[in-house]
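Asker: Give me the fold of what follows.
(4 chains)
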Protein chains: 2
Amino acid sequence: MKENPADQVKMPDDVIYHFFNELGIMEQLVTTQLERILPDGLTKAQFGVLNHMVRLGRRESPAELASAFQVSRPSMTNTVQKLEAKGLVEIVPHETDGRSKIVLITNAGVAMREKALKALMPQFAQIGKALGQEIFEKAVPLLQAVRVYLDENR
Amino acid sequence: MKENPADQVKMPDDVIYHFFNELGIMEQLVTTQLERILPDGLTKAQFGVLNHMVRLGRRESPAELASAFQVSRPSMTNTVQKLEAKGLVEIVPHETDGRSKIVLITNAGVAMREKALKALMPQFAQIGKALGQEIFEKAVPLLQAVRVYLDENR
DNA sequence: ACTATATAGTTAGAAGGCTAATTAAAAAGA
DNA sequence: TCTTTTTAATTAGCCTTCTAACTATATAGT
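Answerer: Got it, this is the predicted structure:
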């Protein structure tokens, strides 16, 4: 009876590794396809920030944004600077805390977010039609549970 | 009755967007934490290739590896060159196809993969213990279904 | 009040990813 | 057979992300 080469050293918790592997491969696909659809060279990171700000409609600091997206502060500095260079956000000093800044979305930023949404909509609709919404409704809570755990135990 | 700011422009297929969003945030967390655990500055991409080659025990070309991980060929060229520089793989010409190359894992590569696995094992066990394997067993087929769709429709 | 610690943001440097373009070899077609 | 198209790999240039280190401000502790 031939053994699989993998048996030499067993994979620990194979399902979990498989899960993370599947995650990484899908994220690769999603990011690439998303950025191909987004208008005006908008990246996933940039769209994420614009969308976040419109949806939550709040004044947030770069540090708060970094935390929301689970990226480092230098990464978020970079992202909001790119958005500022495109005129999609404004970055102003915090009124009372001299260390902090506040990121504000501009009218152009809101318009760009709407343009991006319009570009994305058909693709999302197609995926929803092909796979059904149920699969996503089932998956989201599972993903959230894992994310929350990783978030709390790092 | 106050409306949520998001209502100005509705998110198309909110569950699907939420799914992709959750995916991106978790992938960020996973990659960062994984690379903090991996030994000798091994990256997720590098470990992925080593692990893939041991598990499948096959001679594969850079193009096949790129396809397996859903990255571009230039990205895989970069990764295997980094592995070659560390002495973890060998890259030899294909016997019959003058365009192709074959990536072979070295003894050092196998040893490094085992060292990495040993480093990863406790973390995976802890996650499994905290969340249970079931959540991953439920999630993997869902992720696969979405991945296969994206893969086939790009 | 003064010192020490923590927090916000940035800069520098490295890694991985992408697309576009280049080179070389194989396969297909006229 | 000769030309055209496809495929494999690489190079160049850009973007995002990371960690480490630095500056400046705020908070805590003595």
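Asker: Would you state the helices of chain A in chain order?
Answerer: Using DSSP state H, the helices of chain A run over A:14-37, A:44-56, A:62-69, A:73-85, A:107-131, A:134-152.
Asker: Please convert those to TSV, extending it with mean pLDDT.
Answerer: Formatted as TSV, the helices of chain A follow (pLDDT from 0 to 100):
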stretch	mean pLDDT
helix A:14-37	90
helix A:44-56	93
helix A:62-69	94
helix A:73-85	95
helix A:107-131	92
helix A:134-152	90
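Asker: Out of these, which is the most enclosed?
Answerer: helix A:44-56 (a mean of 20; mean count of other CB atoms under 10 Å in any protein chain shown). For every residue, glycine as well, the C-beta is placed using N, CA and C.
Asker: who touches the nearest residue to A:Ile127 once chain neighbours are set aside in this structure?
Answerer: Nearest-residue entry for A:Ile127: B:Ile16, 6.0 Å, with adjacent residues in sequence omitted and distances by CB to CB, 6 or more residues apart in numbering or on different chains. Applying CB atoms under 8 Å, 6 or more residues apart in numbering or on different chains, we find B:Ile16 in contact with A:Phe124, A:Ile127, A:Gly128, A:Gln133, A:Phe136.
Asker: so the fourth one touches B:Asp14, yeah?
Answerer: Yep, that's A:Gln133 we're talking about. No. Judged on CB atoms under 8 Å, A:Gln133 makes no contact with B:Asp14 at a distance of 9.5 Å.
Asker: Spell out which parts of chain A neighbour DNA strand D.
Answerer: A:43, A:45-46, A:69-72, A:74-76, A:78-79, A:82, A:96-99 (CB under 7 Å from any atom of the strand).
Asker: can you narrow those residues to ones near chain B?
Answerer: A:Phe69, A:Gln70, A:Val71 (CB under 8 Å from any CB of the partner chain).
Asker: From A:Gly48, how far out is the last one?
Answerer: What it means is A:Val71. Shown here: A:Val71 relative to A:Gly48, a distance of 10 Å by CB to CB, to the nearest Å.
Asker: confidence score at A:Gln133?
Answerer: Looking at A:Gln133, its pLDDT stands at 89.
Asker: Export the ones next to chain B among the residues of chain A next to DNA strand D as CSV, with columns for distance to DNA strand C.
Answerer: Output for those, formatted as CSV (distance: CB to the nearest atom of the strand, whole Å):
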residue, distance to DNA strand C
A:Phe69, 13
A:Gln70, 14
A:Val71, 11
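Asker: Chain B: which of those is nearest?
Answerer: Nearest to chain B among those, counting by CB to the nearest CB, is A:Gln70 at 4.7 Å.
Asker: Switch the contacts of B:Ile16 over to a markdown table, and while doing so, append distance to DNA strand C to every line.
Answerer: As requested, those are exported to a markdown table (distance: CB to the nearest atom of the strand, whole Å):
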| residue | distance to DNA strand C |
| --- | --- |
| A:Phe124 | 20 |
| A:Ile127 | 19 |
| A:Gly128 | 24 |
| A:Gln133 | 28 |
| A:Phe136 | 23 |
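Asker: A:Ala66 against A:Met76, yeah?
Answerer: Yes. A:Ala66 lies in contact with A:Met76 (CB under 8 Å); the separation is 3.8 Å.
Asker: neighbours of A:His94, just the number please.
Answerer: 12 (other CB atoms under 10 Å in any protein chain shown).
Asker: got a list of what it touches?
Answerer: A:His94 neighbours (CB under 8 Å, 6+ apart): A:Ser61, A:Ser100, A:Lys101, A:Ile102.
Asker: ok, 6 Å please
Answerer: A:Ser100, A:Ile102 (CB atoms under 6 Å, 6 or more residues apart in numbering or on different chains).
Asker: Let me see the backbone angles for it.
Answerer: phi -70, psi 140 (degrees, to the nearest 10).
Asker: now swap in A:Ser61 and tell me
Answerer: phi -80, psi 160.
Asker: Tell me the spacing between it and A:Thr79.
Answerer: In terms of CB to CB, A:Ser61 sits 13 Å off from A:Thr79.
Asker: Neighbours of the residue lying closest to A:Gln126 once chain neighbours are set aside, how many?
Answerer: Computed as CB to CB, 6+ apart, the closest residue to A:Gln126 that is not its neighbour in sequence is B:Asn153, at 7.9 Å. As a burial measure, B:Asn153 scores 11 neighbours (other CB under 10 Å).
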